[in-house]
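Peer 1: Next one to model:
(one chain, ligands or ions: 1)
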Amino acid sequence: MDNRPIGIFDSGIGGVTILKCLLAKMPNENYIYYSDSKHNPYGEKTKEEVLGFVDQIINYFIEKDCKAIVFACNTATALAIDEMRKKHPDLLLIGTEPAYKMIHDYAPNTKTLVMATPATIESERFQNLYHHYDNQRSYLLACPNLAYLIEENKEEELTSYLRQLLGPFQQENIESVVLGCTHYPLIIEKIEAILGKVKFYDGGEGIANHLYHLLESNHQLNLNKAKKEIYFEDSNHNEQKKERFFAFLTELQK
Ligand code: DGL
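Peer 2: Residues are numbered from 1 along each chain as shown. Model prediction:
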C-alpha cells in the first residue's frame with residue numbers, strides 16, 4: 001500500500017484524456033497533474049528544448065514524492081523518456097505512444113490515418129514503431145500547431161485548419177484514425193465531421209492497465225478508498241485553464 005501521488009503531465013491540458021483512463025482504472029489514487037502550457041506546443045520544439053522542460057517537470061514531481069510519473073504526452077515521450085529513464089533509473093516513468101500497434105492487433109487491414117505532432121512523427125521512436133507494424137495502408141500526418149489551437153481554444157481557426165489538413169483524405173475512405181497526440185481525442189467530433197465515421201485509437205486505456213499492473217506487482221496501489229485528490233498546476237498559473245481542464249474531465253467521465 002502506497003498513498004503517494006501519481007504525477008502526470010502534458011504540454012497543456014491534453015493529458016486530461018489520459019487522466020480520465022487512469023481514474024477509471026485507479027479511482028483510489030491521488031494525482032498531481034502538471035500542465036506546461038507556458039511551453040505549448042512541444043511538437044514544434046527541438047529535442048533539446050523538450051528535454052529541458054521535461055527535466056524540470058520530473059524534478060517537480062520528485063519534490064512532490066510521486067510514486068510514478070506518467071508522460072501524458074506523445075511528443076515528450078518520443079523526445080525525452082529514454083534520456084529520463086537513464087537519468088532516473090529508480091523512477092517509474094510511463095510513456096504515451098501513438099497507438100499504431102492497436103491497428104496491427106485489432107484492425108490490421110484497415111485504411112489508417114496516423115495524426116501526431118511533427119516532432120512525434122519524425123522521431124526515431126515512432127519511426128521504429130511504425131516500420132515494425134506497418135500495414136501498408138497507412139498515412140502519417142504531421143499536424144503542426146493543431147495541439148496549440150486545441151489548447152488555446154481557437155475554435156474558428158481550428159475548424160478551418162482541420163478542413164485544410166484533413167480535406168485531402170476525405171475521398172480516401174479512411175477507416176481507422178490513430179490519435180497520436182493527447183489533445184486530439186478532445187476534437188473527435190470535428191475530425192468525424194470531415195472524414196465521416198471512423199474508428200479512433202489512442203493509448204489511454206493501455207497506459208492505465210499497464211500502470212495498474214506495475215503498481216499492483218510492486219504492492220504500491222493505494223487501497224484507501226476514502227481519500228482522493230486531483231491537484232492541478234499550470235506553468236502559466238492560468239485559472240481559466242484549470243477550469244477548462246476540470247470541465248473536460250467531467251465531460252470525459254460521463
Ligand atoms: N499533447 C501532446 C502530445 O501528446 C503535445 C502536443 C504539443 O504540445 O505539441 O503530443
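
Peer 1: Spell out which residues of the stretch 151-254 of the chain are next to the ligand.
Peer 2: On the criterion Cβ under 6 Å from any ligand atom, the ligand has as its neighbours in the stretch 151-254 of the chain the residues Cys181, Thr182, His183. For the C-beta atoms, the positions are set from N, CA and C on the backbone; glycine is no exception.

Peer 1: distance of the nearest residue to the second one once chain neighbours are set aside from the ligand?
Peer 2: What it means is Thr182. Excluding its sequence neighbours, the residue lying closest to Thr182 (Cβ to Cβ, 6 or more residues apart in numbering) is Gly14, at 4.0 Å. When distance is defined by Cβ to the nearest ligand atom, to the nearest Å, Gly14 is 4 Å away from the ligand.

Peer 1: Where does Gly14 sit: helix, strand or coil?
Peer 2: Classification of Gly14 into helix, strand or coil gives coil, according to DSSP: H, G, I helix; E, B strand; the rest coil.

Peer 1: where do the helices sit along the stretch 151-254 of the chain?
Peer 2: All helices of the stretch 151-254 of the chain, identified by DSSP state H, counting those that start in this stretch, fall at 155-166, 188-195, 204-217, 239-252.

Peer 1: Who are the packing partners of the first one?
Peer 2: Contact analysis of helix 155-166 by 3 or more Cβ pairs under 8 Å, 6 or more residues apart in numbering; DSSP states H and E lists helix 146-151, helix 188-195 as its packing neighbours.

Peer 1: now the angle between helix 188-195 and it, please.
Peer 2: In this structure, helix 155-166 runs at an angle of 50 degrees to helix 188-195, with axes from the mean of the first three to the mean of the last three Cα atoms, to 10 degrees as the basis.

Peer 1: May I have helix 155-166 as PDB, with CA atoms only?
Peer 2: The C-alpha atoms that make up helix 155-166 are tabulated as PDB, following Å, rounded to 0.1, in the frame of the first residue of the first chain:
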ATOM      1  CA  GLU A 155     -12.500  27.500 -32.300                       C
ATOM      2  CA  GLU A 156     -12.700  29.200 -35.700                       C
ATOM      3  CA  GLU A 157      -9.100  28.700 -36.700                       C
ATOM      4  CA  LEU A 158      -9.300  25.100 -35.600                       C
ATOM      5  CA  THR A 159     -12.300  24.300 -37.800                       C
ATOM      6  CA  SER A 160     -10.800  25.900 -40.900                       C
ATOM      7  CA  TYR A 161      -7.300  24.400 -40.200                       C
ATOM      8  CA  LEU A 162      -8.800  20.900 -39.800                       C
ATOM      9  CA  ARG A 163     -10.600  21.300 -43.100                       C
ATOM     10  CA  GLN A 164      -7.400  22.100 -44.800                       C
ATOM     11  CA  LEU A 165      -5.400  19.400 -43.100                       C
ATOM     12  CA  LEU A 166      -7.900  16.600 -43.500                       C
END
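
Peer 1: Okay, buried residues for that helix please.
Peer 2: In terms of neighbour count (16 or more other Cβ atoms under 10 Å), helix 155-166 has its buried residues at Leu158, Tyr161, Leu162, Leu165, Leu166.

Peer 1: same check, this time on the third one
Peer 2: By neighbour count on 16+ other Cβ under 10 Å, the buried set for helix 204-217 is Gly204, Glu205, Gly206, Ile207, Ala208, Leu211, Leu215.

Peer 1: show me what contacts the spatially closest residue to Arg163 that is not a sequence neighbour?
Peer 2: Distances taken as Cβ to Cβ, 6+ apart place Ile194 nearest to Arg163, at 6.2 Å, with adjacent residues excluded. Taking Cβ atoms under 8 Å, 6 or more residues apart in numbering as the definition of contact, the neighbours of Ile194 are Leu162, Arg163, Leu166, Gly167, Gln170.
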